[in-house]
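Colleague: Using only what follows, build the 3D model:
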Amino acid sequence: MSAVEVTGTSGAQAWPTLFSPLVVGACTLPNRIVMPAMDPSLADAQGHVTPAYHHHFLERVLGGAGLVVTGNVAVTPRGRLSPWMAMLADDEAIPGFARLCADVRTAGGHLFIQLSHAGRQTVSQFAGGQPVSASAIPCPVMRDPPRALEEDEIEATIDAFASAAARAQLAGAHGVELHMAHGYLVCQFLSPYSNHRTDAWGGDEAGRVRFATEIVRRIRARVGADFVVQCRLSADERVDGGITPPLCARQAEALVHAGADVISVSACNYESYRYNMPAYYLPEATYADLAAGVRTHLRSVGLTTPVVAVGRFRRPSLAESVLASGGADLIAFGRALIADAALPRKLATGAGARVRPCVACNRCAESVTQGPLRCLVNPEAGTPPAAPTAPPTRRRILVVGGGPAGIMAALEASRRGHRVELHDSASVAGGKVRASALPPEKQAFGELASWLAAELADSAVEVHLGSTLSPEAVRAHPADAVIVAVGAVPAPPPPIPGVGDVVATVHPVDALESPTPHRHIVVLGGGPEGCEVADALAARPEHPRVTLVEQRPKVGLGLPSSVRWLLQERLAAAGIHVFTQRTLARCTASEVALTDRRGRPAEVLPAADLIVLAVGVRAPTTWGVLRDDPRVTFVGDADSPATILEAVAAGYKLGRSI
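Modeller: Got it, this is the predicted structure:
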């Protein structure tokens, strides 16, 4: 696969187990690749399927995934966790799902609808009333106090799951997945961490599993034997007093005896959310061992129930290894299928080198808490794209800059039939995507840069690397339209006594590439770039002391919360001295002085011998002379500095419209 993995064997035969069929209940899946339930936040206010929701899941079916599971679908309005969450709480929701299921079946695919209830992991605003749970214990993250469900409400909720499953069957789904993981309502009953009841629905292990098994039994009674019921479990909640792997294995056994056909093994709840969707700081196949443990237990008691492994799978060789070793029967490629819906088809047909790599940045997970799904590497995610329209007149387009915005603009404009010429001063394309790969554990960004460069090389774009164009040269160029995508330049630091004269300064990329040892490095600026450069420098033994100074109350702001928490853990583990709400006041040959947010004297630190200026970037002013040229459009950081996600999206949008 392009930047991810290439093998000498072409196509599906390179990964024979991954591309072998599997019988699951009444379904025969063509391969072992699963698109797991990841809610794209694309339903309408009534919880009904929208065209964007329909397209999102159908595209993954058409891309070749053996099984696609929808995002979580609420069984009652009280179980909704966002205003964009789909529902199957009444018959009015059936037609939208029926259209989706019909198209899935026409395409030869398989679709499960995930049924869910948020329980305490929501707020009154979304749930339409006070949240409910197994016990009246607030979620440490949501903090909206729930009330414990009464006996009759428990029965009604079980019926709501069963009715929703019957609607899913009527709509034409192949099965349902019951969301019993990640701290949602069923998990709240399963877990001693959140279930403190003393009645028949709690009190001991048998009582805590009763709610889940009754849901399965009641669904099975409504839908019959041929409709697949899959249960998703958290095998390790990663909180004190929560579900542990041995407990989950016994719960899985009970669910299979109750009528479950498949067990999907995940982990965590909201309190341990930073580990739930493993970012690039966590290993690939993060939770494969949990799936293997559940599967081993099931086999030890004579149960052959298929088990799904999850947790940052993106490389087919790793998936093949887990499957072939008996660690799982199915593999969830979640974010990898958001990044490239056609991943399975590309792998199966020997086009693995064209798979757009997921970088595990978790921008997708962050986006769906605020609105529709977005993906850093895939600007089409979350929105059904219109087919590229041929331009009314084929034009000659000059693109200046080979970073993410420039490359995306060039590719899309070329695909629409324009004659496109791209110039970049660097010897390789990729721009800030390549720079993003320099800090520890971010190698996937290098893979993305290589993928972008490969797409550019395979296109009709005329590429000139190592070619520096000045604004004057661009103004004289005969192009019909010009796209300026030259990226950003470092923002000048505020004037600080001693910085730049007493103590040398350097920008983050230069600091990462320099082999020079330093006894005390002060990183000025605790945003994402500052945190990452501090993390990288502290990992080198030639830098015994690294200090990070940030004016705001927290470091890492601007990163998705799960990534930020993991990075903060790394900073603490590395022994980096972090000062927030502090300003660098002066540097002398003997000390570094800080002031607090009110300008009062604060800490005095040992003398530094290097200051890393991670104080942000700005659009280059030298190119401003072209803003009056009607042919010229600025895009990406050259227009307004932002993240790679915004650069990719802006370049894509411009290329499709110019």
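
Colleague: Going by C-alpha atoms from here, please, whenever you check contacts or count neighbours.
Modeller: Fine.

Colleague: What ranges in the stretch 451-600 of the chain fall below the confidence cut-off?
Modeller: Applying pLDDT under 70 to the stretch 451-600 of the chain picks out no residues at all.

Colleague: Tell me where it has helices.
Modeller: For the stretch 451-600 of the chain, applying DSSP state H, counting those that start in this stretch gives helices covering 471-476, 508-513, 528-538, 561-573.

Colleague: So which residues make contact with the first one?
Modeller: Around helix 471-476, the neighbours that count as contacts under Cα atoms under 8 Å, 6 or more residues apart in numbering are 482, 622-623, 625-626, 629.

Colleague: Let's have the residues you listed in a markdown table, adding distance to residue 313.
Modeller: Formatted as a markdown table, those follow (distance: Cα to Cα, whole Å):
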| residue | distance to residue 313 |
| --- | --- |
| 482 | 40 |
| 622 | 44 |
| 623 | 42 |
| 625 | 47 |
| 626 | 45 |
| 629 | 47 |
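
Colleague: Columns mean neighbour count and distance to residue 225 on top of the helices of the stretch 451-600 of the chain, output as CSV?
Modeller: Putting the helices of the stretch 451-600 of the chain into CSV (neighbours: other Cα atoms under 10 Å; distance: least, Cα to Cα, whole Å) gives the following:
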stretch, mean neighbour count, distance to residue 225
helix 471-476, 14, 69
helix 508-513, 16, 59
helix 528-538, 24, 52
helix 561-573, 18, 40
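
Colleague: Of all those helices, which one is nearest residue 583?
Modeller: Residue 583 sits nearest to helix 528-538 of all the helices of the stretch 451-600 of the chain, at 14.4 Å, using Cα to Cα.

Colleague: Secondary structure element holding residue 433?
Modeller: Per DSSP states H and E, residue 433 falls inside helix 432-436.

Colleague: Can you list the helices and strands that that helix packs against?
Modeller: Applying 3 or more Cα pairs under 8 Å, 6 or more residues apart in numbering; DSSP states H and E, we find helix 432-436 packed against helix 443-457.

Colleague: Can you list the buried residues in the helix it packs on?
Modeller: In terms of neighbour count (16 or more other Cα atoms under 10 Å), helix 443-457 has its buried residues at 443-456.

Colleague: Skip ahead from the longest helix along the chain and say which helix or strand is next.
Modeller: With secondary structure taken from DSSP state H, the chain has its longest helix at helix 151-171. Remark: after helix 151-171, the chain's next helix or strand is strand 175-180, criterion DSSP H and E.

Colleague: Among the contacts of helix 471-476, which ones are in strands?
Modeller: Among the contacts of helix 471-476, the ones falling in strands (DSSP state E) are residue 482.

Colleague: out of the contacts of helix 471-476, which are buried?
Modeller: By 16+ other Cα under 10 Å, these give 482, 623, 626 as buried.

Colleague: mind putting those in CSV, distance to residue 244 included?
Modeller: Converted to CSV, these look like this (distance: Cα to Cα, whole Å):
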residue, distance to residue 244
482, 58
623, 58
626, 61
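
Colleague: wait, which of the residues you listed is closest to residue 592?
Modeller: Ranked by distance to residue 592 (Cα to Cα), the buried ones among the contacts of helix 471-476 are led by residue 623 at 36.8 Å.

Colleague: Just give the nearest non-adjacent residue to the closest one, would you?
Modeller: residue 471 (6.0 Å; Cα to Cα, 6 or more residues apart in numbering).

Colleague: ok, now how distant is that neighbour from residue 282?
Modeller: 43 Å (Cα to Cα, to the nearest Å).

Colleague: Give me the neighbour count for residue 197.
Modeller: A count of nearby residues for residue 197, using other Cα atoms under 10 Å, gives 18.

Colleague: quick one: it and residue 205 touch, right?
Modeller: No. With contacts counted by Cα atoms under 8 Å, residue 197 stays clear of residue 205, the gap being 11.3 Å.

Colleague: the helices in the stretch 251-400 of the chain, which residues?
Modeller: Secondary structure of the stretch 251-400 of the chain (DSSP H, counting those that start in this stretch): helices located at 273-276, 288-300, 316-324, 334-339, 343-348, 363-367.

Colleague: Dump those to a markdown table, plus mean pLDDT.
Modeller: Below are those laid out as a markdown table (pLDDT from 0 to 100):
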| stretch | mean pLDDT |
| --- | --- |
| helix 273-276 | 95 |
| helix 288-300 | 98 |
| helix 316-324 | 98 |
| helix 334-339 | 98 |
| helix 343-348 | 98 |
| helix 363-367 | 97 |
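
Colleague: most tightly surrounded among those?
Modeller: helix 334-339 (a mean of 25; mean count of other Cα atoms under 10 Å).

Colleague: So what touches that one?
Modeller: Helix 334-339 is touched from outside by 34-38, 60, 312-314, 343, 356-358, 360, 364, 375, 377-378, 381, with contacts defined as Cα under 8 Å, 6+ apart.

Colleague: Assess the claim that residue 650 and residue 635 are in contact.
Modeller: Yes. Using Cα under 8 Å, residue 650 makes contact with residue 635 at a distance of 6.5 Å.
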